[in-house]
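# All I have is the shape, not the residue letters:
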DNA sequence: CTTATGACCCTGA
DNA sequence: GTCAGGGCCATAA
């Protein structure tokens, strides 16, 4: 029996729920914690399929460069940035200091 | 089967 | 610090 992708999906959602308010993490980190180190892209894929009314804090996920993985002109970028700033996370030149507010289990 | 795409990551220049 | 190249894996055509 092949590895269940449902497990990966659930693991990602569970990990997202563990991220404390005011902290952020990266796609690769989530994939790693879920047990699939090389599935960073799939994390984003899962998030892209989440409904807009979800209670999952998807906005606490950014890329390894400390940047939001959306073009600055896009609507999603501003939504995520607004949510993060609302939690007290500060942006410096469009970037987040992962050293400071990067979540570590 | 091969290509193309995607909310990515690591390394080297 | 930024940028480009290669790698990674699942899905769609």
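That came in fine, so what should we check first? For clarity, every value in this text was computed on a predicted model and none was experimentally measured.
# For DNA strand C, what is the nearest residue in chain A?
residue A:38 (3.7 Å; CB to the nearest atom of the strand). Yep, even glycine has a C-beta here, placed from its N, CA and C like the rest.
# what about the longest helix anywhere in chain A and DNA strand B, touching?
Across chain A, the longest stretch assigned as helix under DSSP state H is helix A:5-18. No. Helix A:5-18 stays clear of DNA strand B (CB under 7 Å from any atom of the strand), getting no nearer than 10.2 Å.
# who touches the helix or strand that that helix is followed by?
Counting by DSSP states H and E, the next helix or strand C-terminal to helix A:5-18 is strand A:25-26. For strand A:25-26, contacts defined as CB atoms under 8 Å, 6 or more residues apart in numbering pick out A:15, A:19, A:40, A:60-64, A:98, A:102-103.
# Write a ChimeraX command that selects only the buried members of those residues.
Command for ChimeraX that selects the buried part of these, burial taken from 16 or more other CB atoms under 10 Å:
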select /A:15,19,40,60,61,62,98,102,103
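# Any chance of CSV for the contacts of strand A:25-26, columns secondary structure?
Formatted as CSV, the contacts of strand A:25-26 follow (DSSP: H, G, I helix; E, B strand; the rest coil):
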residue, secondary structure
A:15, helix
A:19, coil
A:40, helix
A:60, helix
A:61, strand
A:62, strand
A:63, coil
A:64, coil
A:98, helix
A:102, strand
A:103, coil
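# What are the buried residues along the longest helix of chain A?
A:8-9, A:11-13, A:15-16.
# does that helix come close to DNA strand C?
Yes. Under the criterion of CB under 7 Å from any atom of the strand, DNA strand C is reached by helix A:5-18 at residue A:5.
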